[in-house]
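Enquirer: My questions are about this predicted structure, shown below with the sequence.
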Amino acid sequence: MSKRCTKDQDRTEWKLKFHRTFAAATVLIVSAAGPSIATAASGNHTDSGAASDGVTSWTAPDSDRAVLDFWTPERISQAASHPLATPTVIKEATDRAREHALQHANGNSQKPATASADAVAPLRSRKNAAPTSPLSASIGNLSRSDLASPLGSNINIAGRLFFDIGDNKLGTCSAAVVVANNKNSIWTAGHCLHSGKGGGFYSKFLFAPGYDETAPWGFWNVKSIIVSSAWADDGDHLWGDMGGGIVTAKSEYGNLQDWIGAYGYRFNSASDIDGVTSLGYPTDGYNRPSSDFHNGSKPMYCHGNAVDAGNWNPFDDRLKLPCDMGHGASGGPIVSDFQGNSQIVGTNSHRVADSSNNWTENYMYSSSHGGNAVAVINWLNAH
């Protein structure tokens with residue numbers, strides 16, 4: 001057994017001694033961090049959704065036809081030029097939140113829930129699909145993001161998410177098809193769906209898998225939306241920034257999962273995960289000119305070893321990955337074994353910034369995909 005594996009097991013065992021329920025931990029973290037966590041938009045939808053079992057959901061009232069008609073080429077272009085800002089978390093506030101949570105922990109620990117599913121390949125023949133390339137020939141450690149198109153057909157499972165923010169503003173994020181019983185589910189960041197504490201859901205969601213300047217695999221209306229209640233109630237980046245949606249199957253394609261394939265998932269796995277791939281549609285990046293990013297019109301990726309952002313702290317199980325992707329990459333999947341049994345283990349969520357909101361390091365962070373992620377995927381599987 002490697003030293004890394006032993007270290008991770010020791011860390012996990014130590015953390016489990018102190019884990020409270022996710023809901024209790026979330027409240028402590030958010031109350032300590034307060035306004036020092038910056039989000040990008042206030043949200044336009046007055047209905048905050050229905051909450052139960054740790055999740056908050058909403059069914060969009062618009063018909064499929066109305067959503068597709070809304071997204072004219074002009075609006076697609078407008079949204080593409082205005083990706084939702086990548087949330088920033090002030091390091092000092094995060095440190096205080098973790099310390100506050102640890103100081104108030106008690107002995108009522110419980111082992112967090114887990115959930116996993118294997119990836120699935122598309123069932124329907126798709127003409128002109130890019131061939132899958134061997135992992136060893138395609139992916140090496142990469143923190144300076146590059147075009148993902150050479151990686152093969154598996155990138156088509158990720159895509160671009162368009163939505164109406166409100167107040168005459170449109171936006172985009174990244175998302176991916178995730179394995180679910182309904183065969184029509186996507187996974188993304190909570191902040192790409194809902195504006196967080198005090199806000200509501202965005203609207204008119206449209207998902208374009210495999211987006212690469214155009215939408216070769218179609219536009220799919222996202223009818224049902226779900227986020228963790230930790231995000232909807234508290235805007236919690238440490239534990240709650242994840243969500244998903246259910247698209248409407250299309251007569252010409254059938255179910256999304258059958259048409260394009262889907263990443264599996266592995267939630268509440270080890271905090272240190274070697275060889276993960278982050279996908280997204282960034283328009284800018286850390287210490288790089290925006291001209292490197294094709295205005296977010298092309299998929300890009302980073303690849304490397306994800307590590308536990310909180311090290312031995314039991315109240316910070318976020319993942320962090322060396323990666324420079326910025327605005328527009330939010331919601332993109334962080335996937336293990338990308339060209340094998342590709343499973344989502346995290347989601348592009350936020351970057352660390354200084355008090356002036358300037359990014360301070362070349363890391364992409366994901367909220368801990370533990371109990372809250374399990375609650376979201378369980379909801380998707382049940383609907």
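Expert: The structure has been received and is ready for your questions.

Enquirer: Show me the strands in the stretch 251-383 of the chain, by range?
Expert: When secondary structure is read from DSSP state E, counting those that start in this stretch, the stretch 251-383 of the chain shows strands at 264-267, 273-280, 300-308, 319-322, 333-336, 343-347, 351-353, 363-366.

Enquirer: Export these as TSV, with columns for distance to Phe205 and mean neighbour count.
Expert: C-beta here means a position set from N, CA and C on the backbone, and glycine is covered the same way. Formatted as TSV, the entries for the strands of the stretch 251-383 of the chain read as follows, by distance: least, CB to CB, whole Å; neighbours: other CB atoms under 10 Å:
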stretch	distance to Phe205	mean neighbour count
strand 264-267	20	24
strand 273-280	17	25
strand 300-308	22	23
strand 319-322	25	22
strand 333-336	17	28
strand 343-347	16	28
strand 351-353	24	20
strand 363-366	21	27
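
Enquirer: least reliable of the ones you listed going by mean pLDDT?
Expert: Per-stretch mean pLDDT for the strands of the stretch 251-383 of the chain is lowest at strand 351-353 (a mean of 88).

Enquirer: Remind me what that strand packs against, helices and strands.
Expert: Taking 3 or more CB pairs under 8 Å, 6 or more residues apart in numbering; DSSP states H and E as contact, the helices and strands that strand 351-353 lies on are strand 88-90, helix 91-103, strand 363-366.

Enquirer: Confidence-wise, which of these is weakest overall?
Expert: Lowest mean pLDDT within these: helix 91-103, a mean of 53.

Enquirer: and the next element down the chain from that one?
Expert: Next in sequence after helix 91-103, counting helices and strands by DSSP states H and E, comes strand 115-117.

Enquirer: For that next one, which residues meet the burial criterion?
Expert: Within strand 115-117, the residues that qualify as buried are Ala115, Ala117, counting by 16 or more other CB atoms under 10 Å.

Enquirer: How about stretch 205-215?
Expert: If you call a residue buried by 16+ other CB under 10 Å, then stretch 205-215 has these buried ones: Phe205, Leu206, Phe207, Ala208, Pro209, Gly210, Tyr211, Asp212, Ala215.

Enquirer: Now for the residues you listed: which two are most distant?
Expert: By the measure CB to CB, the buried residues of stretch 205-215 have their two most distant members at Phe205 and Asp212, which lie 19.8 Å apart.

Enquirer: Tell me if Ala230 really is in a helix.
Expert: Yes - counting by DSSP: H, G, I helix; E, B strand; the rest coil, one finds Ala230 located in a helix.

Enquirer: For the strands of the stretch 251-383 of the chain, please prepare JSON lines with the additional fields distance to Trp187.
Expert: Listed next are the strands of the stretch 251-383 of the chain as JSON lines, based on distance: least, CB to CB, whole Å:
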{"stretch": "strand 264-267", "distance to Trp187": "7"}
{"stretch": "strand 273-280", "distance to Trp187": "11"}
{"stretch": "strand 300-308", "distance to Trp187": "16"}
{"stretch": "strand 319-322", "distance to Trp187": "15"}
{"stretch": "strand 333-336", "distance to Trp187": "6"}
{"stretch": "strand 343-347", "distance to Trp187": "6"}
{"stretch": "strand 351-353", "distance to Trp187": "20"}
{"stretch": "strand 363-366", "distance to Trp187": "12"}
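
Enquirer: nearest to Val227, of the ones you listed?
Expert: Val227 lies closest, by CB to CB, to one member of those: strand 343-347, at 11.5 Å.

Enquirer: what about this protein, any weak spots by pLDDT?
Expert: With pLDDT under 70 as the threshold, the chain has low-confidence stretches at 1-52, 89-112, 124-138, 312-314.

Enquirer: need the contact list for Tyr286.
Expert: Asp324, Gly326, Arg351, Trp359, Glu361, Asn362 (CB atoms under 8 Å, 6 or more residues apart in numbering).

Enquirer: go again using 10 Å as the cut-off
Expert: Applying CB atoms under 10 Å, 6 or more residues apart in numbering, one finds that Tyr286 lies in contact with 143-145, 323-326, 351, 358-364.

Enquirer: before we move on, what about Ser330?
Expert: The contact partners of Ser330, by CB under 10 Å, 6+ apart, come to 40, 83-87, 161, 171-175, 188-192, 241, 280-282, 347-351, 364.

Enquirer: Now do Trp359 against Thr172, distance only.
Expert: For Trp359, the distance to Thr172 (CB to CB, to the nearest Å) stands at 20 Å.

Enquirer: got it, and Thr283?
Expert: Where Thr172 is concerned, Thr283 sits at a distance of 9 Å (CB to CB).

Enquirer: now the residue nearest to Asp212 when sequence neighbours are not counted: how far from Ser278?
Expert: Using CB to CB, 6 or more residues apart in numbering and skipping the chain neighbours, the partner closest in space to Asp212 is Lys298 (5.7 Å). Noted for Lys298: a distance of 15 Å to Ser278, by CB to CB.

Enquirer: cool, and Pro61?
Expert: 34 Å.

Enquirer: which residues does the closest residue in space to Pro87 that isn't next to it in sequence form a beta bridge with?
Expert: In space, Pro87 comes closest to His350 once its chain neighbours are excluded; the distance is 4.3 Å by CB to CB, 6+ apart. In this entry, His350 is beta-bridged to Tyr365, by DSSP bridges.

Enquirer: what's the answer for Val222, then?
Expert: Per DSSP bridges, residues listed as beta-bridge partners of Val222: Val247.

Enquirer: Quick one: residues contacting it.
Expert: Contacts for Val222 (CB under 10 Å, 6+ apart) come out as 60, 67, 161-163, 175, 184-186, 188, 193, 203-207, 244-248.

Enquirer: Swap in 6 Å and give it another go.
Expert: Residues in contact with Val222, defined by CB atoms under 6 Å, 6 or more residues apart in numbering, are Phe205, Phe207, Gly245, Val247.

Enquirer: host element of the first one?
Expert: Put plainly, it is Phe205. Assigned by DSSP H and E, Phe205 falls within strand 203-209.
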